[in-house]
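Engineer: Need coordinates for the following:
(one chain, ligands or ions: 1)
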Amino acid sequence: MDVLIVVATAAEAGRLSGLPLPARVVVCGVGPVAAALATQAALLRGPSPDLVISAGIGGAYVHPSGVEVGAAAVASEMRYGDLGAWNGKDFLTFDDLGLSVFPDSPNLGAPPLAPNPGRFLAWAGSAALASRLGLACGPFITVSGVTGSNEQAQAQLARVPGALIEGMEGAGVAQAAALHGVPCTEIRGASNLVGPRDRDSWQIGAALGALRAALESVLEMLAEEEWAADA
Ligand SMILES: O=C(O)c1cccc(C(=O)CC[C@H]2O[C@@H](n3cnc4c(=O)[nH]cnc43)[C@H](O)[C@@H]2O)c1
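Structural biologist: Sure thing, here's the model as predicted:
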């Protein structure tokens, strides 16, 4: 199975060097727009992979089934967390706004897509893969600005119950992959808790170590024949 791994930074790519092939690593830059554009460019350049993985470090949402800092997790869905409209203190999502229908444009040259551009289901094998690796699997949220307060974190959790990880690229990568009809998932190592900014507490080394270990296992498993049918 040919896998395209999209990371935001050179530091993340450096920690993944020497991963078992066949996997290509693309550095996309930070944020969902950079991620979508770079993924799109890589997919247009080809060759087309069987699976795209958005990978990196991320923040862990704090709740009883949340993941610990230093652990990796796998996405069940990739969802934009701040794409919508504010109504006072209330946030209106694309669903609320009636913007959840992806334009069925013949000019895109792609088949009709998942109907909600704010939310992308992860590759069908994601949960099984996570289970075999002993990793948590749940919704991941993609934001344009890192959450910086407990109020913001709780509001995100109220909109997406059970959300595990916050990052800044996953939904952008997933949207580009969906346009190409390629399955996508997201795997992140938790470097920090989502909440008030406490940069000194970030455990980037541990998060990158967990990410690398997870991706090594994922690529080994994907090399097994049974997974090809899910992609
Ligand atoms: O606040 C700072 O001083 C600061 C310094 C360097 C980098 C940052 C970032 O926010 C890096 C964002 C980068 O890492 C991912 N990431 C990691 N933790 C989170 C999070 O809690 N919420 C959202 N994104 C996170 C993200 O995917 C970016 O690629 C801050």
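
Engineer: Over to residue 212. Which of the three states is it?
Structural biologist: At residue 212, secondary structure determined by DSSP: H, G, I helix; E, B strand; the rest coil is helix.

Engineer: Can you name the residue of the chain nearest to the ligand?
Structural biologist: residue 59 (2.1 Å; C-beta to the nearest ligand atom). C-beta: built from backbone N, CA, C; applies to glycine.

Engineer: Show me what that residue bridges to in the sheet.
Structural biologist: residue 166, residue 192 (DSSP bridges).

Engineer: wait, isn't it in contact with residue 198?
Structural biologist: No - the pair residue 59 / residue 198 is not scored as a contact, 10.9 Å apart, by C-beta atoms under 8 Å.

Engineer: which bits of the protein sit near the ligand?
Structural biologist: 8, 30, 56-59, 143, 146-147, 166-169, 191-192, 194, 197, 199 (C-beta under 6 Å from any ligand atom).

Engineer: Now list whatever residues contact both of residue 59 and residue 198.
Structural biologist: Contact criterion C-beta atoms under 8 Å, 6 or more residues apart in numbering; residues shared by residue 59 and residue 198: residue 192.

Engineer: of those two, who's got more company?
Structural biologist: Each of residue 59 and residue 198 has its neighbours counted (other C-beta atoms under 10 Å); residue 59 has more, 25 against 10.

Engineer: buried set for the helix or strand bottoming out on mean pLDDT in the chain?
Structural biologist: None of the helices or strands of the chain scores lower by mean pLDDT, DSSP states H and E than helix 94-97, at a mean of 84. For helix 94-97, the neighbour count (16 or more other C-beta atoms under 10 Å) marks residue 94 as buried.

Engineer: What's the first helix or strand after it?
Structural biologist: Downstream of helix 94-97, the next assigned helix or strand under DSSP states H and E is strand 119-121.

Engineer: quick one on the thing from earlier: now do the residue of the chain closest to the ligand, the pLDDT please.
Structural biologist: Looking at residue 59, its pLDDT reads 98.

Engineer: cool, residue 23 as well?
Structural biologist: 78.

Engineer: Please name the nearest non-neighbouring residue to it.
Structural biologist: Of all residues not flanking residue 23 in the chain, residue 3 sits nearest, at 4.5 Å (C-beta to C-beta, 6 or more residues apart in numbering).

Engineer: can you tell me which residues contact that neighbour?
Structural biologist: So residue 3 contacts 22, 23, 24, 49, 50, 51, 52, 53, 219, 222 (C-beta under 8 Å, 6+ apart).

Engineer: That one bridge partners, please.
Structural biologist: residue 23, residue 51.

Engineer: Quick one: the helices in the chain, in order.
Structural biologist: For the chain, the helices defined by DSSP state H cover 10-15, 32-45, 94-97, 126-133, 150-159, 170-179, 204-222.

Engineer: What residues does the residue positioned nearest the centre of the chain make contact with?
Structural biologist: Central residue of the chain (C-alpha atoms, centre = their mean): residue 170, 3.0 Å from the mean position. The contact partners of residue 170, by C-beta under 8 Å, 6+ apart, come to 32, 35, 54, 75, 78, 140, 142, 186, 188.

Engineer: do you know how far it is from residue 122?
Structural biologist: 9 Å (C-beta to C-beta, to the nearest Å).

Engineer: Need the overlap of contacts for the two.
Structural biologist: 75, 78, 186.

Engineer: Take the residues you listed and keep only those in strands.
Structural biologist: 75, 78, 186 (DSSP state E).
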